[in-house]
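# no sequence for this one, just the structure:
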């Protein structure tokens, strides 16, 4: 009787652990194929070397970006819809929190697909591997 109760307790504990691990399965792989269109902006100079929401330091020369919901570490193809130029960025921050804007790009990512002097560009984003 005691051995059966121990087996049931062990099985219950294992099922509990398995349930906990699956509750936190939000990975960038879950979002592959997600697309969105809107405006992109870029980080101002005051953000250089400041911590992002993921804990990384923001660096102008890295191809990184902020998105409101995509998981940190997601690779996102950002395409300027006016000229067709694209760049791949890694999500490591949250934002932008301005209506109509869907992504904040690092300065180097923005400049590789658009002119910094415009401040905003129309883009389509797609999560890729």
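Looks like it came in fine. The shown structure was predicted, so the numbers you read here are calculated from the model rather than taken from an experiment.

# all strands of the chain, in order?
Using DSSP state E, the strands of the chain run over residues 35-42, 64-66, 75-80, 86-93, 101-105, 121-128.

# shaky segments in the chain?
Scanning the chain for pLDDT under 70 picks out 1-29.

# quick revisit: now distance to residue 56 too, for the strands of the chain, in TSV please.
Any C-beta I mention is one placed from the backbone N, CA and C, and that applies to glycine too. Converted to TSV, the strands of the chain look like this (distance: least, CB to CB, whole Å):
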stretch	distance to residue 56
strand 35-42	17
strand 64-66	7
strand 75-80	15
strand 86-93	5
strand 101-105	14
strand 121-128	19
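
# contacting residues for the closest residue to residue 81 other than its chain neighbours?
Of all residues beyond its chain neighbours, the one nearest residue 81 is residue 122 (4.7 Å), with distances taken as CB to CB, 6 or more residues apart in numbering. Residues in contact with residue 122 (CB atoms under 8 Å, 6 or more residues apart in numbering) are 37, 38, 39, 40, 80, 81, 82.

# does the residue sitting nearest the centre point of the chain have beta-bridge partners, and which?
By CA atoms, centre = their mean, the chain has its centre lying nearest to residue 91, at 3.2 Å. Legend: beta-bridge partners of residue 91 under DSSP bridges are residue 65.
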